[in-house]
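K.L.:
make a model of this:
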Amino acid sequence: MTTTPTLDTTALAVWMDKAGLPGSGGPMECSFISGGSQNEIFEIRRGDLRAALRKPPQGAPAARDEGILREWRIIHALKGTDVPHTEAIGMCTDASVLGRPFYLMGFVDGWSPVGGKGWPSPFDQDLAARPGLAEQLVEGVVLLGSVDWQQRGLGDLGRPEGFHDRQVPRWTAFFDRIKGRELPGYEEATRWLAERRPLDFVPGIMHGDYQFANVMFHHGAPARLAAIVDWEMGTVGDPKLDLGWLMHSWPEDTAAHGKEGYVDLTGMPGRTALVEYYAERSGRQVDDMDYYQVLAKWKLAIVLERGYQRAGDNPTLQSFGSLVLELMAGAAELAATSDYRGNR
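P.N.:
Just a heads-up that it's a prediction; the model follows:
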């Protein structure tokens, strides 16, 4: 039986009071929102404060603490930018308070595209309102790429120099460590990526797992992005890889294939139209998008293969097995049919 995680609200209240956070001295309400093996999220209410608390679970690896600090740095740095994000309220690095480092962020009054039973009103019935959902999602990538990350104090968050030179060596080494089976198409996609680079590279903040699952929208139409969330893979790298990550499985014909993913894309623009939307909004060229989409498919296949190799009797991780094969085959197929040269 799974036990719902809890918090020591007395210790949390003491820390909040010492930190001078809103709601000082008042009673606290705490409720668990989500989490498990990944970070736990709780809703905190105290006086006029409504916040979300995010922390690693008690048994998580120590490296997860570094991820929490990384998330905090990013949302704190985004304050005052046009990027929709949660408000950074307070960070606690003292594990003696709640057992692990944690941070408080503003509670988003909005909705998530996943976890429900389809799109909420009016997007469930009004197909004419759905293009805005996709365009706002792409707009998030545009806005991230426009942030002056050095001015925001993120100069040491990642290593943008040589970012693309490291991708193939890093992930092939990772795959060699976890390899448990052959992945058809792996050699072909790896060779193609090793021989190519983007036409240009403008470093910026990248989310690392940018998709509908990691954003929230304001209620009602027209579609408006409320916040980009779950920054545990965030870094300073190439924001265009976020676009590639988003577009690599996006159908060209959403009328025919829009229901095949984890959210229904019916009524939304196709892949080419959204890539062109990004180009128009960002002013960036997109002639090298095949490179980013091959890289995204190839990298995601390797990441998910690790989960599959560790699946045991976990049905979710077991389901990664066929998805990995599909992604790697797709990476190899796109590499074989692309006319993108992008030679080093």
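
K.L.:
please enumerate the helices of this structure.
P.N.:
9-19, 63-77, 95-98, 131-145, 163-178, 186-194, 239-247, 254-257, 271-282, 289-309, 315-318, 320-337 (DSSP state H).

K.L.:
now distance to T3, mean pLDDT and mean neighbour count too, for those helices, in JSON lines please.
P.N.:
C-beta here means a position set from N, CA and C on the backbone, and glycine is covered the same way. Converted to JSON lines, the helices of the chain look like this (distance: least, C-beta to C-beta, whole Å; pLDDT from 0 to 100; neighbours: other C-beta atoms under 10 Å):
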{"stretch": "helix 9-19", "distance to T3": "17", "mean pLDDT": "95", "mean neighbour count": "16"}
{"stretch": "helix 63-77", "distance to T3": "19", "mean pLDDT": "94", "mean neighbour count": "19"}
{"stretch": "helix 95-98", "distance to T3": "16", "mean pLDDT": "95", "mean neighbour count": "15"}
{"stretch": "helix 131-145", "distance to T3": "35", "mean pLDDT": "97", "mean neighbour count": "22"}
{"stretch": "helix 163-178", "distance to T3": "30", "mean pLDDT": "97", "mean neighbour count": "14"}
{"stretch": "helix 186-194", "distance to T3": "40", "mean pLDDT": "98", "mean neighbour count": "19"}
{"stretch": "helix 239-247", "distance to T3": "34", "mean pLDDT": "97", "mean neighbour count": "25"}
{"stretch": "helix 254-257", "distance to T3": "40", "mean pLDDT": "94", "mean neighbour count": "16"}
{"stretch": "helix 271-282", "distance to T3": "42", "mean pLDDT": "98", "mean neighbour count": "17"}
{"stretch": "helix 289-309", "distance to T3": "23", "mean pLDDT": "97", "mean neighbour count": "23"}
{"stretch": "helix 315-318", "distance to T3": "19", "mean pLDDT": "90", "mean neighbour count": "11"}
{"stretch": "helix 320-337", "distance to T3": "26", "mean pLDDT": "97", "mean neighbour count": "19"}
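
K.L.:
could I get these as a markdown table with distance to R344?
P.N.:
Formatted as a markdown table, the helices of the chain follow (distance: least, C-beta to C-beta, whole Å):
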| stretch | distance to R344 |
| --- | --- |
| helix 9-19 | 50 |
| helix 63-77 | 30 |
| helix 95-98 | 45 |
| helix 131-145 | 23 |
| helix 163-178 | 9 |
| helix 186-194 | 9 |
| helix 239-247 | 17 |
| helix 254-257 | 34 |
| helix 271-282 | 23 |
| helix 289-309 | 11 |
| helix 315-318 | 36 |
| helix 320-337 | 15 |
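
K.L.:
tell me which of those sits nearest to E232.
P.N.:
Minimum separation from E232 across these (C-beta to C-beta) falls at helix 63-77, 4.4 Å.

K.L.:
looking at the helices of the chain, which is closest to H207?
P.N.:
helix 239-247 (5.3 Å).

K.L.:
and that closest one with helix 131-145, angle?
P.N.:
160 degrees (axes from the mean of the first three to the mean of the last three C-alpha atoms, to 10 degrees).

K.L.:
against which helices or strands is helix 239-247 packed?
P.N.:
Contacts defined by 3 or more C-beta pairs under 8 Å, 6 or more residues apart in numbering; DSSP states H and E place helix 239-247 against helix 131-145, strand 204-206, helix 271-282, helix 289-309.

K.L.:
contacting residues for A128?
P.N.:
By C-beta atoms under 8 Å, 6 or more residues apart in numbering, A128 lies in contact with G267.

K.L.:
meant to ask about I41, not that
P.N.:
I41 sits next to 32-35, 52-54 when contact means C-beta under 8 Å, 6+ apart.

K.L.:
that one and S31, how far apart?
P.N.:
Separation of I41 from S31 (C-beta to C-beta, to the nearest Å) stands at 10 Å.

K.L.:
can I get the helices and strands packed on helix 239-247 in CSV including distance to D109?
P.N.:
Converted to CSV, the helices and strands packed on helix 239-247 look like this (distance: least, C-beta to C-beta, whole Å):
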stretch, distance to D109
helix 131-145, 16
strand 204-206, 24
helix 271-282, 26
helix 289-309, 31
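
K.L.:
wait, what's in contact with A19?
P.N.:
Applying C-beta under 8 Å, 6+ apart, the residues contacting A19 are 90, 92.

K.L.:
list only buried entries from the contacts of I41.
P.N.:
Among these, those buried by neighbour count (16 or more other C-beta atoms under 10 Å) are 35, 52-54.

K.L.:
which ones among the residues you listed map onto strands?
P.N.:
In strands, judged by DSSP state E, the following of these are found: 52-54.
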